[in-house]
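Asks: Sequence isn't available, so here's the structure alone:
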């Protein structure tokens, strides 16, 4: 359970890292000291960020201050979603089965495959010529 002190949880996705600080409050969510829609600019990413709250039907008694860095916007949104899910689980362990069922507590380990030498990309090959 969260008391008056601040708990910090880390979420990761692709090359992005999100540090989620939870404190008692009125349910305000800030990402790099900005409103989520102002930071992400896309409603789909904000919806992705709010999925854990919708799953557990959250009562808005805590503030979430999220610091994200690295990667792009979709990776940052995924990292923030994982961090929020982990912190909701810390707030109330009864949320764990609901979040686990929806896959919110699992880190998505997919990252970009590296480019190989002698090729234009990770999998793409130069055109083969017989003659």
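Replies: Alright, I've got the coordinates. Since the model is a prediction, treat every value here as computed from it, not as a measurement. Numbers count the residues shown, from 1 in each chain.
Asks: Can you give me the pLDDT of the most centrally placed residue in the chain?
Replies: The centroid of the chain falls nearest to residue 79 when counting by CA atoms, centre = their mean (2.2 Å). Looking at residue 79, its pLDDT is 97.
Asks: Check for me that it belongs to a strand.
Replies: No - counting by DSSP: H, G, I helix; E, B strand; the rest coil, residue 79 is not found in a strand; it is helix.
Asks: Could you check how far it is from residue 70?
Replies: According to CB to CB, to the nearest Å, residue 79 and residue 70 sit 8 Å apart. Glycine gets a C-beta too; all of them are placed from N, C-alpha and C.
Asks: For residue 75, give its distance to residue 14.
Replies: The value you get for residue 75 to residue 14, if CB to CB is used, is 4 Å.
Asks: I should have written residue 32 there, sorry.
Replies: Distance from residue 32 to residue 14, counting by CB to CB: 17 Å.
Asks: if you count what's nearby, which of those two comes out ahead?
Replies: With neighbours defined as other CB atoms under 10 Å, residue 32 and residue 14 compare such that residue 14 has more, 18 against 13.
Asks: Pull the contacting residues for residue 78.
Replies: Counting by CB atoms under 8 Å, 6 or more residues apart in numbering, residue 78 touches 11, 13-14, 16, 48, 108.
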